[in-house]
Each structure stands twice: as C-alpha cells, then as structure tokens.
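**Student:** Quick one, what's the 3D model for this:
(2 chains)
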Amino acid sequence: MDNENKQHIFNQLEKYYAMVYYDQRCAGMSQGNCDYQQLSIEQYVDDLDKIVALLKARFGSDIRLFLMGHSWGGTLGIAYLTTRDQAQFRGWIEVDGGHDVPQIVRETKQLINQVGGEQIRQGRSASQWQQLIDKVNASTVTNATGEQTLSVNKLAQESINQLRADGLVNQELPLTSNRTVFFSPFSLLAFNQNNGQTVGAYKDKLARINLTPVLPRIQIPTLLIWGRYDFIVPPAIADQALARYGSAQKELVYFARSGHYPQESEPAQFEEVLKRFIDMNK
Amino acid sequence: MRKVLTILSWCLLVTDYGLAQQTPQSYSNRLSVAYSGEMIFHYGINVAYHRSFSDRLSRRIRPFYGLNMTGYRHPKNHISLLIMPEVGYAYKAPSGFSTSLSAQAGYMRRFYDGETFAVDSQGQVSKRPWAGTNALAYGISGSLGWELGQPHRRQTDVFIQPKLLWEYPYNTKSLFHPFINIGFSRYF
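**Tutor:** A predicted model of the protein is given here:
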C-alpha cells in the first residue's frame, strides 16, 4: 500500500497480515477495456471468486483467508458469501457496509433529522444543520432512483463534514497527496474517470439492491465495525445486520468519533478490534 | 488603399527574404530526443523525426510532418509504447527562439506492469505475460525552444514541450494523459 503515512491503518496491518487489495471491474485503476454498461453485482461476485482462486493457486489452498468489505464492499461481500462457498473464509469483517440500499436512504433522512435536531438544540451550527435538514426533507427517499440516492448520499457526507467541524468526529486521512498522485501506482485520471463512469452507469442498479432476506445465510464468524455518526450507512443498518446474520459468533463495535470511515478516523481502535477478531478465528 | 496594401505586401516579402538570407544554411530535417514524463514523473523517452514540407528559405514559419515515438513507464501500473505520425508548424526567430504546434495520431500499446494472470470459468489459473491492450492515441503539443551555440547556425536546440494526449479506448472511453517532454533537437 503506497501510502506515505506510516501510521495509516493498512500500513500497520501489513506488519501482521498479507493484505490483498484489488480494484474492482471498471473502478479505481482497473484496466482491460471493461464495459461500464455491463456491470452487475453478479459480475462483481464472479470477479471476486476468481481473485480467491488466484490467491489459492499462488499461495496454497490451505491459506487462511478473511474477507473485509467497506461500504459498497460490504454489499459485495454479503452477495459473495451468500452465493459462493463462504467456508473458504475464516471470518467476515463488514465495515459500514450496506445490505439494503433503499432502507439506507430512508435511515439517512431520519438520522440527519435526529442528529441535526440535537445539534440545533445544543446551539451548534444551527443554521447549517437546519439547511441540511431542510434539504433532506425535500429529497425523495421512497423508491428513490439512482440519482436521488446519490443526492441523499451527498447530504449524508455533508452531515459528517458538519459534525467534524462541530468537533464530534475525528479528521480522516486525505485520500491523495502529491506523492500518491505522482510517485505511486495510483493514477488520479484513471481513478476519477473509472469511478465517475461506474457510478453513472451502475447507480440505478445500486439503488435497488436489498440483500436483507439472505443475511441469515452467513454462518461464518462475523465482525461489524461501524462509525457512530455514519450518515452514509446509518447505525440502524448495522443493528439490523447484526440481528439477522446467521453466525453463531457475531459482534458489532461502534466507533464513537467516526463517520463512514472508522479505519481512518480511529485507526488505533480499528487495528485493535480487527486483530482481536482475526487472532481469535485464524 | 489597395496601392498601400500592395506596397506593404512587397515590403514584407522582401524583408522576409532578406532576413532569411542571414541564415547561412537550410536545415529541413530535425531529430529530437527528450525525456518524456507522463504526469511529469512517469518517466520515459521520446524520439521524433521531423521534415519540413518546404525547403524554401523565405519561410520562417514552416509546416512539417514526421514521426513521434514514445516509451514510458508508470511503475507498478503500466508501460506504454506509442508511435504516432504528426504534422504541425514550426517557427524559428532570428534570435534563436523557436516554437511549434503539432497534432499527432497513432498507435498505443499498454502493458500491465506486473505479473499478470488469467482465471478461467473453471477456476484454472495461468500466467499471461505481456498482457495489455491496444489503443488509438491522439493529441496535440506545443514547444518552446532555444538555440544552443552560435546564433543562426541552427544546429542544436534545447526545448520544452507540453503534450496533451488521449488514449482510446480505455474501458470504452478516452483517457487523458498529460506529458512534458524536455530535450534536444538537432537540425541537419
């Protein structure tokens, strides 16, 4: 991981575990002439299956694998584990993942009203929170299209930013720096193009994803890590996932000063919680 | 008014011809070698050969055509080879300052910079050396240069050349690549 911040969580985890990162089809820096219009969750699941096959071919069929997914990666991880051989993995780690996108949109509206209202009562950034509340209440959250879903998602991010300004959420590490842009495998132009095109092509399919009925199929040890102030995938989604997962061993840990990126906001705690889970199940 | 314009035009032609006579020789071929940096620091080399359409001494602004070849590496991302015919205009001032503007279009081969594997539908893994994609590359560039050595000998220039390039298809769209070339030209 070419992140110059030696304290970055993934740099720390690489001291203990072999970390595998991959750019999904048509996203990040992926190459190979994929077609944005042909994207589907089934295709993403198939691609992940091939990654697992490659890892086993290169490093041995007895390697001990854990699957971790953040945000959309949580959705993809659930889709994979409920349709492929989940026994390949010693554990599933979901970080602010979304299994029911239509419900996420509704919960985001509720959370902005709840937290925003509390902030206004306490006299913190009242006008800014009122604006956010007004905007989300004017948004369509029932049967939302891809565009409407992204619009609410944007308000969610603005709410996290406002909480950070209010001092309730920690600063996250920046996504890119000059060193990352110019002196690493990262390609800013490819990244921006791929992600923009993928979101544009996939948003309507994404807006309809609901994996709630299949959550009980997940039986392997499960760890859920969530930011307490994650407006993008609200805590209510985490509570529902915890209740519905079929695993005998499952745990939900809330990070009190985090939004959507607890691994960036509270990296020391993230490392501790993750290591405990992996060491317990490897 | 027509008479004034006609006289002015003749004056310009005579002046141009006269100034051109100060350059002792005509060089219609130019070979350039340059450091070529995609996103500035993804390092490579550019070699270009240009030839003037016209050998007339009186033309300070000269149209040219030629061939442009670049190879560069974005470490752990990709290596690209480009070969592109180009056309453009070059201007050389008596002071030794030069500038040019050109357009290129040609072929780009991208290789993935790392071990590459293929996994089939049965889960069988095989190595795929030299994996990559083919693309059309097209772009425009401009240069600023300065003569080295004695003025008007027109033998060697140093130049800097920003280039805007597009690769198509990159995941069915065009991908933008900015370049900076810094190097030397030799006239012969």
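**Student:** who touches stretch A:29-47?
**Tutor:** For stretch A:29-47, the surrounding residues in contact (Cβ atoms under 8 Å, 6 or more residues apart in numbering or on different chains) are A:23-26, A:75-76, A:79-80, A:83-84, A:185-187, A:190-191, A:194, A:197-198, A:200-202, A:205, A:209, B:77-78, B:110, B:112, B:133, B:169-173. C-beta: built from backbone N, CA, C; applies to glycine.
**Student:** how near is the residue lying farthest from the centre of chain B to B:Ala131?
**Tutor:** Among residues of chain B, the one most distant from the C-alpha centroid is B:Gln122; the distance is 47.0 Å, by Cα atoms, centre = their mean. In this structure, B:Gln122 and B:Ala131 are separated by 20 Å, where distance is defined by Cβ to Cβ, to the nearest Å.
**Student:** next one: B:Ile160
**Tutor:** Counting by Cβ to Cβ - B:Ile160 and B:Ala131 are separated by 34 Å.
**Student:** Quick check: next helix or strand after the helix or strand bottoming out on mean pLDDT in chain B?
**Tutor:** Per-element confidence for chain B was summarised using mean pLDDT, DSSP states H and E. The lowest value among helices and strands belongs to helix B:2-20, with a mean of 48. Scanning forward in sequence from helix B:2-20 by DSSP states H and E, the next helix or strand is strand B:29-38.
**Student:** and that following strand, anywhere near chain A?
**Tutor:** No: applying Cβ under 8 Å from any Cβ of the partner chain, one finds that strand B:29-38 is not in contact with chain A, the shortest distance being 9.5 Å.
**Student:** Can you point out the buried residues in the helix or strand that comes right after that strand?
**Tutor:** Sequence order places strand B:44-52 as the next helix or strand after strand B:29-38, per DSSP H and E. Taking 16 or more other Cβ atoms under 10 Å in any protein chain shown as the neighbour-count basis, strand B:44-52 is seen to contain the buried residues B:44, B:46, B:48, B:50, B:52.
**Student:** Over to stretch B:90-97?
**Tutor:** Of the residues in stretch B:90-97, those buried by neighbour count under the rule 16+ other Cβ under 10 Å are B:90, B:92, B:96.
**Student:** Need those in CSV (columns: distance to A:His99).
**Tutor:** Listed next are the buried residues of stretch B:90-97 as CSV, based on distance: Cβ to Cβ, whole Å:
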residue, distance to A:His99
B:Ala90, 62
B:Lys92, 67
B:Gly96, 69
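**Student:** Okay, and which of those map to strands?
**Tutor:** Those of the buried residues of stretch B:90-97 mapping onto strands are B:90, B:92, per DSSP state E.
**Student:** I'd like the buried residues of stretch B:90-97 as CSV, with pLDDT appended.
**Tutor:** Compiled in CSV, those are given as follows (pLDDT from 0 to 100):
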residue, pLDDT
B:Ala90, 92
B:Lys92, 86
B:Gly96, 87
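**Student:** ok, so of the buried residues of stretch B:90-97, who is nearest chain A?
**Tutor:** The shortest separation between chain A and any of the buried residues of stretch B:90-97 is 29.3 Å, and it belongs to B:Ala90 (by Cβ to the nearest Cβ).
**Student:** my guess is the closest one meets B:Phe97, correct?
**Tutor:** No: taking Cβ atoms under 8 Å as the contact criterion, B:Ala90 and B:Phe97 are not neighbours in contact, 11.7 Å apart.
**Student:** Read off the pLDDT value for whichever residue of the stretch 151-282 of chain A sits closest to chain B.
**Tutor:** Nearest residue of the stretch 151-282 of chain A to chain B: A:Pro185, at 3.8 Å (Cβ to the nearest Cβ). On the pLDDT scale, A:Pro185 is placed at 92.
**Student:** Flag every residue of chain B that's near chain A.
**Tutor:** Counting by Cβ under 8 Å from any Cβ, the residues of chain B near chain A are B:39-41, B:74-78, B:110, B:112, B:117, B:119, B:123, B:125, B:133, B:169-173, B:175-177.
**Student:** of these, buried ones?
**Tutor:** When neighbours are counted using 16+ other Cβ under 10 Å, the residues of chain B next to chain A contain these buried positions: B:39, B:74, B:77-78, B:110, B:112, B:119, B:125, B:133, B:170-171, B:175, B:177.
**Student:** In those, which has the lowest confidence score?
**Tutor:** With pLDDT as the yardstick, B:Asn171 is the minimum among those, at 89.
**Student:** Which element, helix or strand, includes the closest residue in space to that residue that isn't next to it in sequence?
**Tutor:** Using Cβ to Cβ, 6 or more residues apart in numbering or on different chains and skipping the chain neighbours, the partner closest in space to B:Asn171 is A:Cys34 (5.3 Å). Of the helices and strands defined by DSSP H and E, none includes A:Cys34.
**Student:** Next one: the residue of the stretch 151-282 of chain A closest to chain B from B:Ser95, what distance?
**Tutor:** The value you get for A:Pro185 to B:Ser95, if Cβ to Cβ is used, is 44 Å.
**Student:** circling back: which single one of the buried ones among the residues of chain B next to chain A is nearest to A:Leu111?
**Tutor:** For these, the residue nearest A:Leu111 by Cβ to Cβ is B:Asn171; the value is 35.2 Å.
**Student:** wouldn't the closest one be in contact with A:Gly196 here?
**Tutor:** No: no contact is recorded between B:Asn171 and A:Gly196 when judged using Cβ under 8 Å, the distance being 11.2 Å.
**Student:** rewinding a little: can you redo the buried ones among the residues of chain B next to chain A as JSON lines with secondary structure?
**Tutor:** Shown next, in JSON lines, are those (DSSP: H, G, I helix; E, B strand; the rest coil):
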{"residue": "B:Met39", "secondary structure": "coil"}
{"residue": "B:His74", "secondary structure": "strand"}
{"residue": "B:Asn77", "secondary structure": "coil"}
{"residue": "B:His78", "secondary structure": "strand"}
{"residue": "B:Arg110", "secondary structure": "strand"}
{"residue": "B:Tyr112", "secondary structure": "strand"}
{"residue": "B:Val119", "secondary structure": "strand"}
{"residue": "B:Val125", "secondary structure": "strand"}
{"residue": "B:Thr133", "secondary structure": "strand"}
{"residue": "B:Tyr170", "secondary structure": "strand"}
{"residue": "B:Asn171", "secondary structure": "coil"}
{"residue": "B:Leu175", "secondary structure": "strand"}
{"residue": "B:His177", "secondary structure": "strand"}
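**Student:** Run through the stretch 51-200 of chain A and note the low-pLDDT ranges.
**Tutor:** Flagging of the stretch 51-200 of chain A using pLDDT under 70 yields the residue ranges A:175.
**Student:** Appreciated, that's everything.
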